[in-house]
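**Q** coordinates only, sequence not included:
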């Protein structure tokens, strides 16, 4: 397999702020920072290890609060240079944490319920958070082309971020995507390559390309830049706690595709505790999947520690990863924190999309329907405590998955432009 | 004509913060606050008059900066109660002011160029700003149903805001809208009534409904709540100046549909000057229209003071108002400030959408293409000074007008999933 492992890398003096090294999540071996993602010893996934600021949590908190109103307020906790906010980047984050009282009432939640709404990011999904980190890593390693394999959303985020940063982009998508996603991928002027095959074929092709001279100078955000990219999800944890007044929520419900987001939110929470920015007390993390692609949920319920791959078949396409790389870590976190992993049907996804829109005015994509649908199911099952403070993470935007609700969201009535006709409709 | 004029209203003790009265923009006569929009004496349009805080600009500035990261930080300058941030509302605003150096370079702008990007609002257009004000006015006047006539975007914003606020909504749209806009209008669970007719028919129907007992208890955001609603656009002026470090830009380019937004941005700038929050110095305001609906631009060029209605025919549908209510005020502001009103073709609109996406990673709707296209044209004509600080206002999101670029934003190449096939494409 043509993956770049850490041993192939020459140590270079890159400035990625507090990022000190890459460390293997399996065996713990450390490697210098570089565009690599697999341990040279055990092929485990690499993640960023930090020299984090210590000893003055109050000073750190004040510095964060005085920072920019985007993810770069947390630059001291991310693999980015200290002057990151002065460089052209897409600057996502600091999206609303919406107090959802009307939704809580419908769900029977008596504690505080919040929706962390990431649809306000530049390309309207949480992907902007992770891609923004990859841009800085690409600059640090001297890459001039930003790339990815994508089912659409990520290609749009990469295209936008590369355009803002003045990098070239070349993204790879399956040839049969919906027009809206193709437009979103191509509008930013980078190259978009449609591949005759499935998303798996696209992925396999990108792995080959990274190992070939053709791919030299290319930073694949979700492959050779993955350790840096993935850290972006920590900012969801940081923002949630800051927006709660530097307080941990009791419970979080998070969608699971590759599992990276959930894993990194947990990492972010643990970092805040270690830094003394929030009180050290228990929290519970719940993972959400669609029944049509629920390998992690199934493993959780069956008590397994490994995840058996599945062939996805669900309307929640942005969560449709049948062989999730971080699945075992998700299982571990759910079990360690006293959470769970659950799944819902496509019908429950659509119902949850409508529920969130009707109660809170938030139009989420199918992935958000999965997350809220699972939250609802977990309350019904008694797994989620309705008296505690709960945060549901909405990672995307309904405008990108219109088809899912096209049949169930239409006019109440069609009338002639006369008061009599309106009267007959019985809506006054 | 069944409009509610001020004389029909009984004075009530409503708390809309610093809003003191309604005053006629034509004859200056003042009326008590109420759900009315036309002067009882001369039928001129009413606008909100304030008792604004005075004497301590530094204190006001500090209070604003310590406020919530949305439009309610400016609550002391808006027709809303002081505790507005504690009520359920859609909370738009404080969207990014993007420093656009790469765009500036392409346009030959040597001064500072910024894009005020309102696509990050909850329903991805500036409409959330105005609807949020209307929600508070509806509460103050005891309305239980929020309504509007709309070509789509406004219906979505009203539906979302009503859902969050716990109000009923019933919006009216033409029967032949694009599916995406219908879904956006209906998803929030309010009633959506499709009317067999044009947008003009929808408008006429709504005017009839307001005067009929059927419409009792209904707040039409863009009719009987219009004076309050329109004030929301001032927050664009407030945010731009605050984000520039409490500084006026030299030049602003703003789209013109009804003309309300441009008029209120000017009002907001003048209020900041009067309050001592920014230095009193000249600024120039430029209006942008599509050639296929350019009644104000035409009147400006021909030196007229009135605007002759046109029949719209342009891809910039959200700006397609052939008989703009605030057209004469736009002409007045452009002339008074030394600005201009200009228009661009549909082809120039599409080119500008691509330009903004390619240089800054911002995907705007057709209205944004109009604004940037006009900015580009004005620079070419020497009307916009390229050495000054310029702000271009982006009011919406490209995801809502995909059709405009569907033909020009597609894959660069389609390949088989093999390196040879990629090599042949010549993209490496």
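**A** On my side now, so go ahead. Just so it is clear, the model here is predicted, and its values are computed rather than measured.
**Q** Tell me the residues of the stretch 251-400 of chain A that contact chain B?
**A** Proximity of the stretch 251-400 of chain A to chain B, by C-beta under 8 Å from any C-beta of the partner chain, involves residues A:353-354, A:357-363, A:397-400. The way it works is simple: take the backbone N, C-alpha and C, and place the C-beta from them, glycine included.
**Q** Any idea which of those the model trusts least?
**A** When those are compared by pLDDT, residue A:400 scores lowest at 89.
**Q** Skip the chain neighbours and tell me the closest residue to that one.
**A** residue A:365 (5.2 Å; C-beta to C-beta, 6 or more residues apart in numbering or on different chains).
**Q** Looking at the residues of the stretch 251-400 of chain A next to chain B, spot the one nearest residue A:122.
**A** Nearest to residue A:122 out of those is residue A:397 (C-beta to C-beta; 11.3 Å).
**Q** which ones are touching that closest one?
**A** Contacts for residue A:397 were tallied using C-beta atoms under 8 Å, 6 or more residues apart in numbering or on different chains; they are A:119, A:124-125, A:363-365, B:124, B:399.
**Q** I'd like the distance between it and residue A:253.
**A** In this view, residue A:397 and residue A:253 are 18 Å apart by C-beta to C-beta, to the nearest Å.
**Q** related to what we said a few turns ago, with secondary structure added, can I get the residues of the stretch 251-400 of chain A next to chain B in TSV?
**A** Shown next, in TSV, are these (DSSP: H, G, I helix; E, B strand; the rest coil):
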residue	secondary structure
A:353	helix
A:354	helix
A:357	helix
A:358	helix
A:359	helix
A:360	helix
A:361	coil
A:362	coil
A:363	coil
A:397	coil
A:398	helix
A:399	helix
A:400	helix
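**Q** nearest to residue B:139, of those residues?
**A** Using C-beta to C-beta, those come closest to residue B:139 at residue A:361, 15.3 Å.
**Q** so how far is residue B:91 from the closest one?
**A** Applying C-beta to C-beta to residue A:361 and residue B:91 gives a distance of 10 Å.
**Q** what do you get for residue A:385?
**A** 28 Å.
**Q** what about these two, which has more around it?
**A** residue B:91 (22 against 16; other C-beta atoms under 10 Å in any protein chain shown).
**Q** Looks like that one contacts residue B:75 (just checking).
**A** No. Residue B:91 is beyond contact range of residue B:75, at 11.5 Å (criterion: C-beta atoms under 8 Å).
**Q** intersection of neighbour lists for the two?
**A** In contact with both residue B:91 and residue B:75: residue B:85, using C-beta under 8 Å, 6+ apart.
**Q** re earlier: identify the contacts common to residue A:361 and residue B:91.
**A** Listed contacts common to residue A:361 and residue B:91 are residue B:122; contacts here mean C-beta under 8 Å, 6+ apart.
**Q** what about the strands in the stretch 301-428 of chain A?
**A** According to DSSP state E, counting those that start in this stretch, the stretch 301-428 of chain A carries its strands in the segments A:340-344, A:390-394, A:413-415.
**Q** who does the second one pair up with?
**A** Going back to what we said before, that points to strand A:390-394. strand A:113-117 (parallel), strand A:251-255 (parallel) (DSSP bridges).
**Q** angle of the last one against strand A:340-344?
**A** Spelled out, it's strand A:251-255. 50 degrees (axes from the mean of the first three to the mean of the last three C-alpha atoms, to 10 degrees).
**Q** what's the distance between strand A:251-255 and the middle of its chain?
**A** Computed by C-alpha atoms, centre = their mean, to the nearest Å, the chain-centroid distance of strand A:251-255 equals 12 Å.
**Q** Now the element after it, going C-ward?
**A** As assigned by DSSP states H and E, the chain's next helix or strand after strand A:251-255 is helix A:260-274.
**Q** Count the residues that sit near the residue of the stretch 1-150 of chain A found nearest chain B.
**A** Relative to chain B, the nearest point of the stretch 1-150 of chain A is residue A:120 (4.7 Å; C-beta to the nearest C-beta). The number of residues packed near residue A:120 is 20, by other C-beta under 10 Å.
**Q** ok, now which ones touch it?
**A** So, once contact is read as C-beta under 8 Å, 6+ apart, residue A:120 ends up touching A:95-96, B:120-122.
**Q** Report the two of those separated the most.
**A** Longest span within those, C-beta to C-beta: A:95 and B:121, 11.7 Å.
**Q** Which one of the two is surrounded by more residues?
**A** Remark: of residue A:95 and residue B:121, residue B:121 carries more neighbours, 28 against 23, as counted by other C-beta under 10 Å.
**Q** What segments of chain A are helices?
**A** A:57-65, A:101-107, A:127-140, A:153-165, A:179-186, A:199-210, A:226-231, A:234-243, A:260-274, A:295-302, A:327-337, A:346-360, A:366-380, A:419-425 (DSSP state H).
**Q** just for the stretch 1-150 of chain A, where's the confidence low?
**A** By pLDDT under 70, the weakly predicted segments of the stretch 1-150 of chain A are A:1-12.
**Q** just to revisit the earlier point, redo the strands of the stretch 301-428 of chain A as JSON lines? Include mean neighbour count.
**A** Converted to JSON lines, these look like this (neighbours: other C-beta atoms under 10 Å in any protein chain shown):
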{"stretch": "strand A:340-344", "mean neighbour count": "27"}
{"stretch": "strand A:390-394", "mean neighbour count": "28"}
{"stretch": "strand A:413-415", "mean neighbour count": "18"}
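**Q** care to break chain A down by domain?
**A** Domain segmentation of chain A under automatic domain parsing yields A:6-54+A:125-229, A:97-122+A:231-405.
**Q** which pair in the residues of the stretch 251-400 of chain A next to chain B spans the largest distance?
**A** Going by C-beta to C-beta, the pair spanning these furthest: A:359 and A:400, at 21.0 Å.
**Q** These two - which one has more neighbours?
**A** residue A:400 (26 against 23).
**Q** what about residue A:214, neighbour count?
**A** If you count neighbours by other C-beta under 10 Å, residue A:214 ends up with 15.
**Q** And the pLDDT at it?
**A** pLDDT, residue A:214: 93.
**Q** Next, the contact list for it, please.
**A** Per C-beta under 8 Å, 6+ apart, neighbours of residue A:214: B:419, B:422-423, B:428.
**Q** Repeat that for residue A:227.
**A** A:22, A:36-37, A:45-48, A:79.
**Q** ok, now residue A:394?
**A** A:115-119, A:356, A:362, A:364, A:368, A:371-372.
**Q** Mind putting those into TSV with distance to residue B:223?
**A** Listed next are the contacts of residue A:394 as TSV, based on distance: C-beta to C-beta, whole Å:
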residue	distance to residue B:223
A:115	32
A:116	36
A:117	30
A:118	35
A:119	29
A:356	29
A:362	27
A:364	31
A:368	33
A:371	38
A:372	35
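**Q** which of the residues you listed are buried?
**A** A:115-119, A:356, A:362, A:364, A:368, A:371-372 (16 or more other C-beta atoms under 10 Å in any protein chain shown).
**Q** Neighbours of residue A:336, how many?
**A** By the criterion of other C-beta under 10 Å, residue A:336 has 11 neighbours.
**Q** repeat for residue A:200
**A** So residue A:200, with other C-beta under 10 Å, has 15 neighbours.
**Q** Look up how far residue A:187 lies from it.
**A** 26 Å.
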